[in-house]
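Novice: here is the input, now give the coordinates:
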Amino acid sequence: MDMCKKAKEASRVLAELPTDTKNRALLNMAKSLEKNVDTLIKANKEDIEATRKKGAKKAFLDRLILNQKRISNMARCLEEVADLPDPVGEIVRTWTRPNGLIIGQLRVPLGVVAVIYESRPDVTSDASGICLKSGNAVVLRGGSEAFNSNVAIGKVLSEAATESGVPEGAIQVVSTTDRGAAVELMGMRGYVDALIPRGGADLIRAVVENAKVPVIETGIGNCHIYVERDADLECAVKIIINAKCQRPSVCNAAEKLLVHRDVAPQFLPEVIKALRSHGVEVRGCKETLKIVPDIVPATEEDWYTEYLDLVIGVKVVDGLDEAIDHINKYGTQHSDSILTSDFSKALAFIKRVDSAAVYWNASTRFTDGNQYGLGAEIGISTQKLHARGPMSVQHLTTIKYFVLGQGHIRE
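Specialist: Predicted coordinates for the structure are as follows:
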């Protein structure tokens, strides 16, 4: 793929690009997004119309839609990335050996980052900004449903970056919906240094199983909220509604609700009523059905499912241990929260739940690079090697060792 070869050439220039040049490019990219709002919305409307004709669900369309507010947020994220410290060239640490050799670690870019993603056109902007700031070239292959949006955003960003002194080829969007292009991208050994899939379980599985280049796996979000018996129940309802309903189509939305047996009779009718008022379908375990009979019975498959829609699974548990065991069995190591007034229970939950982000008395919706002060994110990693959680500029770098001697030879 010629794009990857071009990206590799650009990456060598990017690795040495001054911070001021990168920041100037990011700010110019942000301005260009704002200036081209009408063009971007026009391209997005073509995608929306085509997707609607295919009968897509409302939640799916929500991930796809661009409007003035979302484009302004994309621009603001680029500005925040510009404000972040430049990780490239940072001396991580140095030490001196007994023989006088000075050894150090220097932070350097990965090189060429490829991203294969679905539906969300804002990924095009976030990934471009993060890769540029971290000195990496990026090749973006979005889903066919957002094709026009991604190509339009990529053109705006690439031109703005080039005008600011960034080499051509630093930001490229694959301009075809042919699935063969994604397969070819997965096999570009020697050109692509890291591949990041963003999307549903099927996409991530396909990339992990078929890629011949290193993959940074971003996981699906079967996120849980556990309500302990000593939780502030009024506050709990607000947190659950936010986590499930604010934007149900994203990976950090809550998909499962676990409730302590002692408060279930009091709490479940109240929280289910609130969920239903927001259009949420509730699927419950046998114990939940005894308390609120007119809900959908949950199946074993439900506990594993990331709905990405106005659907939630509810289970009554005996206590903290069962809640943790359930999350570690059925969850996806993404984001999980405990609602409790007991510090020791919260600490146990934080230590024992094996997820990238663990919360105490807060909505899972905060798992986001922007919300964590990282400017933006290129994805939320649920794996344990190299990076975990929201990935920003520092996570797209690696280290090289430098060794300073004075005529040293090894004996």
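Novice: just the helices from the stretch 201-350 of the chain, written as ranges.
Specialist: In the stretch 201-350 of the chain, the helices defined using DSSP state H, counting those that start in this stretch lie at 201-210, 233-245, 264-277, 286-291, 300-304, 320-330, 343-352.
Novice: how about TSV for these, with mean pLDDT added?
Specialist: Output for those, formatted as TSV (pLDDT from 0 to 100):
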stretch	mean pLDDT
helix 201-210	90
helix 233-245	98
helix 264-277	98
helix 286-291	97
helix 300-304	98
helix 320-330	98
helix 343-352	98
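Novice: who wins for proximity to residue 179 among those helices?
Specialist: Comparing the helices of the stretch 201-350 of the chain by their distance to residue 179 (Cβ to Cβ), the top pick is helix 201-210, with 9.9 Å. All C-beta atoms are positioned from the backbone trio N, CA, C, and that covers glycine.
Novice: how about CSV for the helices of the stretch 201-350 of the chain, with mean neighbour count and distance to residue 150 added?
Specialist: Shown next, in CSV, are the helices of the stretch 201-350 of the chain (neighbours: other Cβ atoms under 10 Å; distance: least, Cβ to Cβ, whole Å):
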stretch, mean neighbour count, distance to residue 150
helix 201-210, 15, 15
helix 233-245, 19, 28
helix 264-277, 17, 34
helix 286-291, 16, 41
helix 300-304, 14, 30
helix 320-330, 18, 33
helix 343-352, 15, 38
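Novice: reformat those as JSON lines; add distance to residue 405.
Specialist: Shown next, in JSON lines, are the helices of the stretch 201-350 of the chain (distance: least, Cβ to Cβ, whole Å):
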{"stretch": "helix 201-210", "distance to residue 405": "42"}
{"stretch": "helix 233-245", "distance to residue 405": "55"}
{"stretch": "helix 264-277", "distance to residue 405": "66"}
{"stretch": "helix 286-291", "distance to residue 405": "68"}
{"stretch": "helix 300-304", "distance to residue 405": "55"}
{"stretch": "helix 320-330", "distance to residue 405": "49"}
{"stretch": "helix 343-352", "distance to residue 405": "44"}
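Novice: those: which one's closest to residue 138?
Specialist: helix 201-210 (16.0 Å).
Novice: please name every helix or strand in contact with that closest one.
Specialist: Helix 201-210 sits against strand 112-117, helix 179-186, strand 194-198, with contacts defined as 3 or more Cβ pairs under 8 Å, 6 or more residues apart in numbering; DSSP states H and E.
Novice: return the most buried member of the ones you listed.
Specialist: Greatest average neighbour count among those goes to strand 112-117 (a mean of 27), per mean count of other Cβ atoms under 10 Å.
Novice: need the contact partners of that one.
Specialist: Identification of contacts with strand 112-117 by Cβ atoms under 8 Å, 6 or more residues apart in numbering yields 4, 7-8, 11, 123, 127, 131, 136-143, 182, 185-186, 188, 191-199, 203, 207, 213, 378-379, 396.
Novice: what's downstream of it, the next helix or strand?
Specialist: helix 122-133 (DSSP states H and E).
Novice: just how off-centre is that following helix within its chain?
Specialist: 12 Å (Cα atoms, centre = their mean, to the nearest Å).
Novice: same question, stretch 19-31
Specialist: Computed by Cα atoms, centre = their mean, the chain-centroid distance of stretch 19-31 equals 23 Å.
Novice: do stretch 245-260 as well
Specialist: Counting by Cα atoms, centre = their mean, stretch 245-260 comes out at 15 Å from the chain centroid.
Novice: list the buried residues of it.
Specialist: 245, 248-260 (16 or more other Cβ atoms under 10 Å).
Novice: lowest-confidence entry in those residues?
Specialist: Lowest pLDDT of those: residue 249, 86.
Novice: am I right that that one is in contact with residue 310?
Specialist: No. Under the criterion of Cβ atoms under 8 Å, residue 249 is not in contact with residue 310, lying 9.2 Å apart.
Novice: now do the shared contacts for those two.
Specialist: Each of residue 59 lies in contact with both residue 249 and residue 310 under the rule Cβ under 8 Å, 6+ apart.
Novice: returning to that earlier point: which single one of the buried residues of stretch 245-260 is nearest to residue 290?
Specialist: Among the buried residues of stretch 245-260, residue 259 lies closest to residue 290 (Cβ to Cβ), at 12.7 Å.
Novice: for ChimeraX, write a command that selects the buried ones of the contacts of strand 112-117.
Specialist: Only the buried entries of the contacts of strand 112-117 go into this ChimeraX selection, using 16+ other Cβ under 10 Å:
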select :4,7,8,11,123,127,131,136,137,138,139,140,141,142,143,182,185,186,188,191,192,193,194,195,196,197,198,199,203,207,213,378,379,396
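Novice: so which of the helices and strands packed on helix 201-210 gets nearest residue 44?
Specialist: strand 112-117 (15.6 Å).
Novice: and the angle from the closest one to strand 194-198?
Specialist: Orientation check (axes from the mean of the first three to the mean of the last three Cα atoms, to 10 degrees): strand 112-117 against strand 194-198 gives 20 degrees.
Novice: strand 112-117 to helix 179-186, inter-axis angle?
Specialist: With the same axes, to 10 degrees as the basis, strand 112-117 and helix 179-186 are set at 140 degrees to each other.
Novice: how distant is strand 112-117 from the center of its chain?
Specialist: Distance of strand 112-117 from its chain centroid, counting by Cα atoms, centre = their mean, is 13 Å.
Novice: one step back: got the helices and strands packed on helix 201-210 as TSV, with distance to residue 318 and mean pLDDT columns?
Specialist: Shown next, in TSV, are the helices and strands packed on helix 201-210 (distance: least, Cβ to Cβ, whole Å; pLDDT from 0 to 100):
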stretch	distance to residue 318	mean pLDDT
strand 112-117	40	96
helix 179-186	45	91
strand 194-198	37	93
